[in-house]
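Trainee: Just the structure for this:
(chains A, B, C and D)
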There are 2 protein chains.
Amino acid sequence: MPLTIIDSAHNCRGCLLAEGLTNKQRQQLSMIIHAKRHYQRNEKIYHIADKIKSVYLVQQGSIKTEAITYDGRPVVTGFYFPGDLFGFDGIGDQGYLCDAVAIENTLVCEIPFQKLTALCTSVEGLQHQLFMLMGQRIGSHDHALIMMHNMSAESRLCRFLTIYHERMKKHTENQDAVVFLPMNKDDIARYLGLCPETLSRVLSRLVNKGVIRRHQRRLELLDIDTLYELAS
Amino acid sequence: MPLTIIDSAHNCRGCLLAEGLTNKQRQQLSMIIHAKRHYQRNEKIYHIADKIKSVYLVQQGSIKTEAITYDGRPVVTGFYFPGDLFGFDGIGDQGYLCDAVAIENTLVCEIPFQKLTALCTSVEGLQHQLFMLMGQRIGSHDHALIMMHNMSAESRLCRFLTIYHERMKKHTENQDAVVFLPMNKDDIARYLGLCPETLSRVLSRLVNKGVIRRHQRRLELLDIDTLYELAS
DNA sequence: CGATCAATTGAGTGTGTTCAATGTCAGTGG
DNA sequence: CCACTGACATTGAACACACTCAATTGATCG
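Mentor: Just a heads-up that it's a prediction; the model follows:
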C-alpha cells in the first residue's frame, strides 16, 4: 500500500501544483523532486532560519508550523494536511520563519524552490498554479488575521472546527459530520491564541449546549448550524 | 514636480519589482502597466470580491487595506507606503479579500497580474523578484499573526512604532527618531486589534514614561531602546 | 490496584472593552 | 473678539472575558 503512495508521489497525482498539467509536464515536475521521506511524530522537516529553500507537499499525515513569539512562547501558525503545500514562509530573504513539525507519522515530498521556479519559465501552467497557490496562502492568512481580532474563544474554536470540517469534506471521501483531530489540544490552543484551559472549557460548554459530542480526538458535530452561528 | 514622479513610474525606478532588472527589461515592465492615477483620501483602489486581478505599487502617499470581520466590524489588515506592492490578496481564486483605500492623496500604478506573469516567463529576474516579494508578504503576515497572539496593547503599539520607524528610515532620507503617521488613530487601533480608547491610554502612558512625545500625528521617539524593550 | 501524567474544573486576578463624561480644537456666526 | 457648535481625543468607572495557579478528576500503564 505505501508503494502506491510513493508511486503517486512520482507522478505528482493529487498534488495541487500539478493541477492542469499534462502527463509530460508532470514527469518534468517529478524529476526535480528532491526527496520524499517519512517523518516520525515530532520530527522537524525544517527549522526556523534555515536557508535551504524548498516547498513541501504533504502526501500523508499532517504537519504544523510553529514559531516563537517575542516573549518566547511557542505559537502554531498553521496546520497542513494531505495535498497541502507548506514552506512558503521560507521563500523570502530571511530563511524560514517557522519550524515545520510532523504531527503524526507523515510522508512529505520536497520540491527545491529554485528548480521549481526554473521549471516555471518553461511550463507556463505550472507558474500560474504556483502564483495561485501563493496568492491563496496570502489570502488564507489575511483570513486568520481577521479571525484573531477581538473574537471570543468560543467563536475562534467554532470557526476552526467549521473550516477544518469543510477542508476534510472536500479532500476526503468522509462526508460525515465527524472530524478527527490529529493534533493535540495544546497545539490547537497555541494556534487559536488561547491557553489550554480555556480551550477545554469552551469544548465542555459546546458539549453542554449539545453542539458537539466528544470521544477523545474524534468530534461529532451534532448541530452544524449553531456551530456556524457561534463562529460569527 | 509631479512630472518627475510620473516619469519615474514609467521607468519603474524605485519599484521593488524592477530591482535587478536591466534598463531594457524595465522598459518591458513599464509597457504592461495599465494605469497610473491619483486617488483622493478615502477613495478605493479596489473593492472586496473584485475579480480584476492586478497588483499595485504605491508611488506616493499611503494605502490601507481593510476587511470586515464575521461579526461586521472593520479591520485594517495592512498599511502600504511608497515602494510597496499591494493587491496580492486578490491573486487567489476568490477575488480580493480586502478593500484598498487611499489614506491621503496617493499616486498608484496598476500592474495587471496576468500580463505580469506572462512577462515573467521571458524575464527570469522578474519572476524571481515576484516570487520573493510574495514570499516576503507571506512571511510578514506570519509575523503579524505571531504579534496578535497574547501581546499586550503596549507591546503591540511599541512593535508597530519600531517597525514603522525602521520602514521609514530605510525608504526615506529622514533618519531622525521622528515618525509621521499618515493614518488616523482609529485605523491604527483597527490594525492592532484594539479599541481607540485603549490606544489613546497606551499612548498617554508612553508619554508619561518619557518614551515618546506627541504633536498630533508627529511622534518623537525619545527613548528607542525602551521602545524596543516594551515591544517584546 | 495504585502511580503517573494529562485533562478538567474552580477561584482569583488582570487587561481590555464598553459606555459615559469631560476635555480639546477648529470653524462659524453673532 | 468671543461664544457656540460639532467632531474627535482623552479620561474614568464598571464589567466581561480569558489567563494564572491550584485542586480535582480522569485515563493509561505497569
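
Trainee: Domain map for chain A?
Mentor: Chain A is divided into the following domains under automatic domain parsing: A:2-140, A:153-230.

Trainee: Could you export those as CSV, including mean neighbour count, mean pLDDT and distance to chain B?
Mentor: Bear in mind the C-beta positions are built from the backbone N, C-alpha and C, glycine included. Converted to CSV, the domains of chain A look like this (neighbours: other Cβ atoms under 10 Å in any protein chain shown; pLDDT from 0 to 100; distance: least, Cβ to the nearest Cβ, whole Å):
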stretch, mean neighbour count, mean pLDDT, distance to chain B
domain A:2-140, 18, 84, 3
domain A:153-230, 16, 91, 5
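
Trainee: quick one: which of the ones you listed is nearest residue B:119?
Mentor: Closest of the domains of chain A to residue B:119 is domain A:2-140, at 11.1 Å (criterion: Cβ to Cβ).

Trainee: Show me how far that closest one is from its chain's centre.
Mentor: 10 Å (Cα atoms, centre = their mean, to the nearest Å).

Trainee: quick one: is it near DNA strand D?
Mentor: No - if you take Cβ under 7 Å from any atom of the strand as the test, domain A:2-140 misses DNA strand D, and the best it gets is 8.3 Å.

Trainee: Isn't residue A:75 up against residue A:187?
Mentor: No - using Cβ atoms under 8 Å, residue A:75 makes no contact with residue A:187, being 10.2 Å away.

Trainee: Mind listing the shared neighbours of those two?
Mentor: Listed as contacting both residue A:75 and residue A:187 by Cβ atoms under 8 Å, 6 or more residues apart in numbering or on different chains is no residue at all.

Trainee: where do the helices sit along chain A?
Mentor: For chain A, the helices defined by DSSP state H cover A:2-10, A:23-31, A:113-122, A:124-148, A:153-171, A:185-192, A:196-208, A:224-230.

Trainee: For DNA strand C, find the nearest of those.
Mentor: Set against DNA strand C and scored by Cβ to the nearest atom of the strand, those come closest in helix A:196-208, at 3.3 Å.

Trainee: Which elements pack onto the closest one?
Mentor: helix A:153-171, helix A:185-192, strand A:212-215 (3 or more Cβ pairs under 8 Å, 6 or more residues apart in numbering or on different chains; DSSP states H and E).

Trainee: Pull the residues that contact it.
Mentor: Contact partners of helix A:196-208, identified using Cβ under 8 Å, 6+ apart, comprise A:153-154, A:157-158, A:185-186, A:188-189, A:192, A:194, A:212-214, A:230.

Trainee: Let me have these in JSON lines, extended by distance to residue A:140.
Mentor: Listed next are the contacts of helix A:196-208 as JSON lines, based on distance: Cβ to Cβ, whole Å:
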{"residue": "A:153", "distance to residue A:140": "21"}
{"residue": "A:154", "distance to residue A:140": "22"}
{"residue": "A:157", "distance to residue A:140": "18"}
{"residue": "A:158", "distance to residue A:140": "18"}
{"residue": "A:185", "distance to residue A:140": "23"}
{"residue": "A:186", "distance to residue A:140": "22"}
{"residue": "A:188", "distance to residue A:140": "17"}
{"residue": "A:189", "distance to residue A:140": "20"}
{"residue": "A:192", "distance to residue A:140": "15"}
{"residue": "A:194", "distance to residue A:140": "20"}
{"residue": "A:212", "distance to residue A:140": "24"}
{"residue": "A:213", "distance to residue A:140": "29"}
{"residue": "A:214", "distance to residue A:140": "27"}
{"residue": "A:230", "distance to residue A:140": "21"}
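
Trainee: and of those residues, the nearest to residue A:58?
Mentor: Lowest distance from residue A:58 to the contacts of helix A:196-208 (Cβ to Cβ) belongs to residue A:188, with 18.0 Å.

Trainee: Would you check that the closest one makes contact with residue A:195?
Mentor: No - between residue A:188 and residue A:195 there is no contact under Cβ under 8 Å: 11.4 Å.

Trainee: re the thing from before, same list (the domains of chain A) but as a markdown table, adding distance to residue B:58.
Mentor: Below are these laid out as a markdown table (distance: least, Cβ to Cβ, whole Å):
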| stretch | distance to residue B:58 |
| --- | --- |
| domain A:2-140 | 17 |
| domain A:153-230 | 31 |
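
Trainee: So for residue B:33, which of those domains sits nearest?
Mentor: domain A:2-140 (18.4 Å).
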